[in-house]
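A.B. asks: Sharing a model prediction with you, sequence too.
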Amino acid sequence: MKNILLFFALLITAKSFSQQVNKVTDPVEYINPLMGTDSKYDLSNGNTYPAIALPWGMNFWTPQTGNMGDGWQYTYDAHKINGFKQTHQPSPWMNDYGQFAIMPVTGKLKVTQYGRASWFSHKAEVAKPYYYSVFLADHNVTAELTPTERTAQFRFTYPKTDSSYIIIDAFDRGSYVKIIPGENKIIGYSSKYARGPLKNFKDYFVIYVDKPIVMAQTYSDSTLTDSLSLHAKHAMAVIGFKTLNGEQVHLRVGSSFISIEQAELNLKREQGTDSFDVTEQKAKDTWNKTLNHLKVEGGSIDQTRTFYSCLYRMLFFPNKLYEIDAKNQLVHYSPYNGKTMPGYMFAGTGFWDTFRALYPFLNLVYPSIVKEMQEGLINDYKEGGWLPEWSSPGYSNVMIGNNSASIVSEAYLKGGRNYDINKLYDALVHGANNAGPAGTGRTGVEYYNKLGYVPYDVKIDENAARTLEYAYDDFAIYKLGKALGKPTSETDIYKKRSMNYRNLFDPSTGLMRGKNKDGSFQTPFNPFKWGDAFTEGNSWHYTWGVFQDMQGLVDLMGGKKKFIAKLDSVFTLPPIFDDSYYGEVIHEIREMQIVNMGQYAHGNQPIQHMLYLYNYAGEPWKTQFHVRDVMNKLYMATPDGYCGDEDNGQTSAWYVFSAMGFYPVTPASDQYVLGAPLFKKLTLNLENGKQVIINAPNNSDKNIYVNTMNVNGKPYDFNWLSHSSLLKGAVINYNMSATPNKQRGIKASDVPYSLSNEK
């Protein structure tokens, strides 16, 4: 009997050991691009699609299961694919621009998206960041694709038939196709976009096929024309040929926002004569080189997959809008004036989401791409007169705030140089004191600057949320102005406004609350009411939105004990809600309700930093507990692996930062607030050649608490790490335990930065 028990004990141990990943040599193979794709309008498990692309590439590709123009372009529960779509979609709520689709078919020709669609199974689907393959059952075709930054290659394996076709769908907002059989070539453009208006917008494409074109047709919508060149509202091209069983037909596809000639140049420059396999290997190598800035060891297979799948999502947006012309000069289509302009340009992100953790991550790990992005922001301002708050690809009036202030300020404060920061500072001051078009600048600025808040009763929605975000944005401007040596008389204005959050704190409830123009609080007040004075959240979520001055919030609440009790209440309250402002249960509400974490709504951004706030009041072990709990329960590299919208890398950045053991509560400061690492070892390879090595050898599912830690061999009790010290390289050693050390990180000197404590 003892031998049998010993056998099973060894078996369990061996199984546990085999599930631990001790070395990652090929990180891209741990990524599941389908993470988050099991989503729909009323419940988001990520609202993602499998993006087959390179990091920050100009173009992405995805299989399309949804209807043309539907933001849910790929959903895991779908059974049919109707095309392989070039996409630039940031989220289904923003929808797409720069899009056309390619679809191989056989048999009786049907060109409509429903007629050409084919059943498929995830069992016959391979999705990797650098490669996608699927068997299209109704056509007996295996379709494969692999990307470069601005081009792609396709490989279609056909059956034996005299009815093999490829459909090119240029979509339905005004499009053009032309087939040139003598060159085995199709050219055209699509002008379809969701957010505008956009001047002179066209997504030009050029496609080469490596098999002689026997049949060529164009269609206006579903109507066959008698021309090989067609301008129409909805233009499509079809080419056809005979194929042998197992015959492979290759497509080379290039595109440009500037011209067909530039699309040709992009194709020549990025593919040359590379075969499909060579292009695939280059794409894989690019991914591994980019991912290898972070190496994890000693986690479970699920943790490793989730970590790298999240990291994959963080490396797309904003994506490059710029191209390289025949003179090797950087140029871009300007969504602001419709012209071809010099220099960098990026698009496809909302700063309301991403200022919190995505940009801090890029500033730490990939500062070279941030420099390009800052150059792009300069061109946004020069060409459009404002910095974008949501670009897709031009200005989009979607979310609130003036968070470009954080994006610009943080990049410079954390070491960004060699670009015109003074021009960007001018842009921040302009945006902070004016209301601009399409969500730029500050709505309600005249009230905010005069009263210190945006009033509830002046018909400006989400007024309390605006006030809180403007106050943090003012802090970011203050810090940048100070770093640039701007006059104190100027920077003091923004420092003073940074404290405007105090104007909305209601002592009777201990929560943030809308305030009327006459200084009275709005009534009746329901802290569980979503929207209204707040944005996609309620007072329990936004009360913590004082990124710049948590000490000030502690003081307003009556001290550390009351602050801690208020934090604890978020989890002990029931997940009740008032949806009357929206008139329906929006998906963000439902996602909070169903995860059984009280009022904690990790599926949306406003409260994501809240778990780290225990560090400001002397109970850091509660941060350690809750952060690990959220990582365990709400993230997994599966189709339902997020607990709400992924949102352009932000929700993924929360996980990756948390796995590293720290988080940027105040992006425009030099500090990260501590949690606890997820892996036994994590190596951060910085662009400057330095390394940050994080060791936690006894980390486990039970040992989630930091007992002791040291940095570079010295004991370390602070509840924060500094960005500047990490850039010098560091070795951080943790001794983890199953019980919290309630004597560590409890001194007043241990707390992270707050403006109130600034000397």
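C.D. replies: Sure, I can see it. Residues are numbered from 1 along each chain as shown.
A.B. asks: can we go C-alpha only for contacts and neighbour counts from here?
C.D. replies: Will do.
A.B. asks: Quick check: the closest residue to F257 other than its chain neighbours vs I187, distance?
C.D. replies: The shortest distance from F257 to any non-neighbouring residue, by CA to CA, 6 or more residues apart in numbering, is to D203 (4.9 Å). According to CA to CA, to the nearest Å, D203 stands 11 Å off from I187.
A.B. asks: Same check on Q743?
C.D. replies: For Q743 relative to I187 (CA to CA), the value is 69 Å.
A.B. asks: what sits up against stretch 187-203?
C.D. replies: The contact list for stretch 187-203, computed with CA atoms under 8 Å, 6 or more residues apart in numbering, reads 94-100, 170-179, 204-207, 255-258, 260, 335-339, 392-396.
A.B. asks: Got a PyMOL select line for the buried ones in the residues you listed?
C.D. replies: For the buried members of those, the matching PyMOL selection, counting by 16 or more other CA atoms under 10 Å, is:
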select buried, resi 94+95+96+97+98+99+100+170+171+172+174+175+176+177+178+179+204+205+206+207+255+256+257+258+260+335+336+338+392+393+394+395+396
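A.B. asks: which ones among the contacts of stretch 187-203 are found in strands?
C.D. replies: 100, 175-179, 204-207, 255-256 (DSSP state E).
A.B. asks: Specify which member of those is nearest to G514.
C.D. replies: Checking the ones in strands among the contacts of stretch 187-203 against G514 by CA to CA gives F100 as the nearest, at 45.4 Å.
A.B. asks: And for that closest one, nearest residue in space, chain neighbours not counted?
C.D. replies: Closest residue to F100 in three dimensions, ignoring its sequence neighbours and counting by CA to CA, 6+ apart: A170, at 4.8 Å.
A.B. asks: Make sure that neighbour is actually in contact with A101.
C.D. replies: Yes - when contacts are counted by CA atoms under 8 Å, A170 is listed as touching A101 (6.7 Å).
A.B. asks: Any stretches of this protein with poor pLDDT?
C.D. replies: Scanning the chain for pLDDT under 70 picks out the ranges 1-18.
A.B. asks: ok, now with 50
C.D. replies: Residues of the chain meeting the criterion pLDDT under 50: 1-2, 5-18.
A.B. asks: Kindly format the C-alpha coordinates of the longest helix belonging to it as PDB.
C.D. replies: Across the chain, the longest stretch assigned as helix under DSSP state H is helix 463-483. Extracted C-alpha coordinates of helix 463-483, given in PDB (Å, rounded to 0.1, in the frame of the first residue of the first chain):
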ATOM      1  CA  ASN A 463     -18.800  65.800 -15.500                       C
ATOM      2  CA  ALA A 464     -17.300  64.300 -12.400                       C
ATOM      3  CA  ALA A 465     -15.200  61.900 -14.300                       C
ATOM      4  CA  ARG A 466     -14.000  64.800 -16.500                       C
ATOM      5  CA  THR A 467     -13.000  66.800 -13.500                       C
ATOM      6  CA  LEU A 468     -11.000  64.000 -11.900                       C
ATOM      7  CA  GLU A 469      -9.200  63.200 -15.200                       C
ATOM      8  CA  TYR A 470      -8.400  66.900 -15.900                       C
ATOM      9  CA  ALA A 471      -6.900  67.200 -12.500                       C
ATOM     10  CA  TYR A 472      -4.500  64.300 -13.200                       C
ATOM     11  CA  ASP A 473      -3.800  65.700 -16.600                       C
ATOM     12  CA  ASP A 474      -2.900  69.100 -15.000                       C
ATOM     13  CA  PHE A 475      -0.500  67.300 -12.800                       C
ATOM     14  CA  ALA A 476       1.200  65.800 -15.800                       C
ATOM     15  CA  ILE A 477       1.500  69.200 -17.400                       C
ATOM     16  CA  TYR A 478       2.900  70.600 -14.100                       C
ATOM     17  CA  LYS A 479       5.500  68.000 -13.900                       C
ATOM     18  CA  LEU A 480       6.600  68.400 -17.600                       C
ATOM     19  CA  GLY A 481       6.600  72.200 -17.300                       C
ATOM     20  CA  LYS A 482       8.800  72.000 -14.200                       C
ATOM     21  CA  ALA A 483      11.200  69.600 -16.000                       C
END
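A.B. asks: From Y716, how far out is P677?
C.D. replies: Distance of P677 to Y716, given as CA to CA: 15 Å.
A.B. asks: All the strands of the stretch 301-450 of the chain, residue numbers only.
C.D. replies: For the stretch 301-450 of the chain, strands defined by DSSP state E, counting those that start in this stretch occupy the ranges 319-320, 322-324, 330-333, 340-342, 346-347, 349-350, 390-391.
A.B. asks: just the stretch 451-600 of the chain next, same as before
C.D. replies: Under the criterion DSSP E, counting those that start in this stretch, the stretch 451-600 of the chain carries strands at the ranges 505-506, 511-512.
A.B. asks: Which elements pack onto the first one?
C.D. replies: On a contact count with 3 or more CA pairs under 8 Å, 6 or more residues apart in numbering; DSSP states H and E, strand 505-506 meets strand 511-512.
A.B. asks: Give me the most central residue, the chain.
C.D. replies: The structure's the chain has its C-alpha centroid closest to N648; by CA atoms, centre = their mean the separation is 1.7 Å.
A.B. asks: I'd say it and F355 touch.
C.D. replies: No - at 10.8 Å, N648 and F355 do not qualify as touching, with contact defined as CA under 8 Å.
A.B. asks: about what we covered before: for the longest helix of the chain, buried residues please.
C.D. replies: Residues 463-482 are the ones in helix 463-483 that count as buried (16+ other CA under 10 Å).
A.B. asks: Check stretch 29-44 too.
C.D. replies: With burial defined by 16+ other CA under 10 Å, the residues of stretch 29-44 counted as buried are 29-40, 43-44.
A.B. asks: contacting residues around that stretch?
C.D. replies: 45-51, 72, 74-77, 127-129, 304-306, 308-309, 312, 586-588, 590-591, 636-646.
A.B. asks: List buried residues within these.
C.D. replies: The buried subset of the contacts of stretch 29-44 (16+ other CA under 10 Å) comprises 45-51, 72, 74-76, 127-129, 304-306, 308-309, 312, 587-588, 590-591, 636-646.
A.B. asks: Appreciated, that's everything.
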